[in-house]
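*Asks:* Output the structure for:
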Amino acid sequence: MSAGTRNGVVLGKEPIQSGLMITVDALEHIGAFQEKLFIDLVDTEFYLRATDAGWSTILADAEFDHSLGTFVEARVLGQPVNLPAGPLRVRTAATWRYYYIFRNRILVSRQYAKRHPTWVATGLWADLRHLAWVTSLAPGRTSRLAAAAAGVRDGLLGRSGKRPV
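*Replies:* As a prediction, this is how the structure comes out:
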């Protein structure tokens, strides 16, 4: 998404890791990724640090083949949800990802709540809305909710790194 232009350069908003390119100069000035996050919001934490350091995100015209999650057929009480255009499909992440999404949302939010309260509120709302949506409509409800709850617990406890199996 565009955040306007500066000197003819198209600026971007918060990037996603799968489409992120970082210059060596930026890494030298801002530092490396926070490995303790392991996955999910690693890119976002870097972006927030970069923003705080006065760096901008620039949009590039690039194309790559990558999918954010999997689309599954929506079901309510075991019945497919059909719309005039066809069956409703919802995008879900792998169940284990909900642990990291919620744990890291809490860890990163604690770091940046004072400087970026709107980002914290917007991100938390988006994650909760997504979880409610996929819990209502997609299979795997119990395991997805359990993963998210464990992530919330571990985030509140300050746990980080790869989740022990």
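*Asks:* got a list of contacts for stretch 135-145?
*Replies:* Applying Cβ atoms under 8 Å, 6 or more residues apart in numbering, the contact partners of stretch 135-145 are 72, 74, 75, 76, 81, 88, 90, 92, 95, 98, 131, 134. Any C-beta I mention is one placed from the backbone N, CA and C, and that applies to glycine too.
*Asks:* Pipe those residues into CSV and attach neighbour count and pLDDT per row.
*Replies:* Formatted as CSV, these follow (neighbours: other Cβ atoms under 10 Å; pLDDT from 0 to 100):
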residue, neighbour count, pLDDT
72, 15, 87
74, 20, 88
75, 16, 88
76, 10, 86
81, 14, 89
88, 14, 90
90, 18, 90
92, 21, 90
95, 15, 93
98, 28, 96
131, 17, 96
134, 22, 93
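*Asks:* In helices, which of these appear?
*Replies:* If you go by DSSP state H, those have 95, 98, 131, 134 in helices.
*Asks:* farthest pair in those?
*Replies:* Longest distance between any two of these is 11.7 Å, between 95 and 131; criterion Cβ to Cβ.
*Asks:* what's the closest of the contacts of stretch 135-145 to residue 3?
*Replies:* Closest approach to residue 3 among the contacts of stretch 135-145 (Cβ to Cβ): residue 131, at 27.2 Å.
*Asks:* which residues touch the residue lying closest to residue 9 once chain neighbours are set aside?
*Replies:* In space, residue 9 comes closest to residue 58 once its chain neighbours are excluded; the distance is 5.7 Å by Cβ to Cβ, 6 or more residues apart in numbering. Shown in contact with residue 58 (Cβ under 8 Å, 6+ apart): 9, 10, 11, 12.
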